[in-house]
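S.K.: sharing a model prediction with you, sequence too.
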Amino acid sequence: MIVRAIKTRKVTSRACTLEELLNESISELSEGSVVAIASKVVSLCEGQVVPVEGTDKEALIAEQAQLFMPSPSNPYGVSLTVTRNLLVAAAGIDESNADNEYVLWPADAQASANRARAFLREKFGLKQVGVIITDSATRPFEWGTTGISIAYSGFEPLKDYIGQDDLFGRKLVYQKNNIQGGLAAAAATAMGEGSEQKPLAVLSDLDFVTFVDADPTAEELAALKIEPEADIYAPLLNHAPWHKGQGKA
């Protein structure tokens, strides 16, 4: 796999459309590539921002999240949330590189990914191209953030090993490789977290990715979700002191 992060203009709210940013920033793209787009620039292009001044961040988090824990319960004053079926801090709301604004997640990240893929296919005349919209998240017992995918299009997001034999003939019971998550982690590492100004990345030489011609269906997206009681972390998730938010899955 080859990952190439791309420096772009400094993106501010509604300064350009996502298509304009992709058009001016990516000059070439080969068949069988995946383009990673930081969720923040998608949101900025779409105007998904709220002024910091005069905004109650805790109320904003409760509005965006499905479930949340108030920040006083956290040693760093961060509200942990379940937002769009992902465990993330502060419902994905970010203040960094945002010019005194809270940047929310894209209103419909999946629709944004689908539109970006359609634009790239048409611009470069490609059949096999994928898109992921990325953000960063932390994991328990580890310092630092890792890239995650909040939307994908144009490829199979999971590689299913269930029912296959391992090297010694043992049947694999629940193993699946999260392709979209792995690509997001690689892309976010190359993009950086500070002032690099590289919110795009092109991933190529992807012989482990199965490309598809269509956007993911509602059924395919639903199949990616795991109910809390069926999650491997159910003992932790189901006993956390959650408050119900207003956000939708």
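M.R.: Noted; the coordinates are in hand.

S.K.: am I right that residue 37 is in a strand?
M.R.: Yes - under the criterion used here (DSSP: H, G, I helix; E, B strand; the rest coil), residue 37 sits inside a strand.

S.K.: residue 177: what's it in contact with?
M.R.: Listed by Cβ atoms under 8 Å, 6 or more residues apart in numbering, the contact set of residue 177 reads 158, 159, 161. From N, CA and C alone the C-beta is placed, and that goes for glycine too.

S.K.: what is the burial count for the closest residue to residue 157 other than its chain neighbours?
M.R.: Take residue 157 and drop its neighbours on the chain: the residue closest to it by Cβ to Cβ, 6 or more residues apart in numbering is residue 180, 4.2 Å away. Applying other Cβ atoms under 10 Å, we find 24 residues neighbouring residue 180.

S.K.: same check on residue 124?
M.R.: Neighbour count for residue 124, taken as other Cβ under 10 Å: 15.

S.K.: contacting residues for it?
M.R.: Contact analysis of residue 124 by Cβ under 8 Å, 6+ apart lists 28, 29.

S.K.: 6 Å instead?
M.R.: With contacts defined as Cβ atoms under 6 Å, 6 or more residues apart in numbering, the neighbours of residue 124 are residue 29.

S.K.: quick one: it from residue 117, how far?
M.R.: As for residue 124, its distance to residue 117 is 11 Å (criterion: Cβ to Cβ, to the nearest Å).

S.K.: verify the stated contact: residue 136 with residue 145.
M.R.: Yes - the pair formed by residue 136 and residue 145 meets the contact definition of Cβ atoms under 6 Å, at 3.8 Å.

S.K.: more neighbours: which of the two?
M.R.: The neighbour comparison of residue 136 against residue 145 (other Cβ under 10 Å) goes to residue 136, with 22 against 16.

S.K.: coming back round to it: would you list the contacts of residue 177 in a markdown table and tack on distance to residue 184?
M.R.: Converted to a markdown table, the contacts of residue 177 look like this (distance: Cβ to Cβ, whole Å):
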| residue | distance to residue 184 |
| --- | --- |
| 158 | 13 |
| 159 | 15 |
| 161 | 20 |
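
S.K.: so which of the residues you listed are in strands?
M.R.: Residues of the contacts of residue 177 located in strands (DSSP state E): 158, 159.

S.K.: wait, which of the contacts of residue 177 is closest to residue 8?
M.R.: Taking Cβ to Cβ as the measure, residue 8 sits nearest to residue 158 out of the contacts of residue 177, at 29.9 Å.

S.K.: quick one: contacts for that closest one?
M.R.: Remark: with contacts taken as Cβ under 6 Å, 6+ apart, residue 158 is in contact with residue 176.

S.K.: so that it lines up with my notes, have the first residue be 232 from now on.
M.R.: I'll keep to 232 as the first residue from here, and by that count the last item is residue 389.
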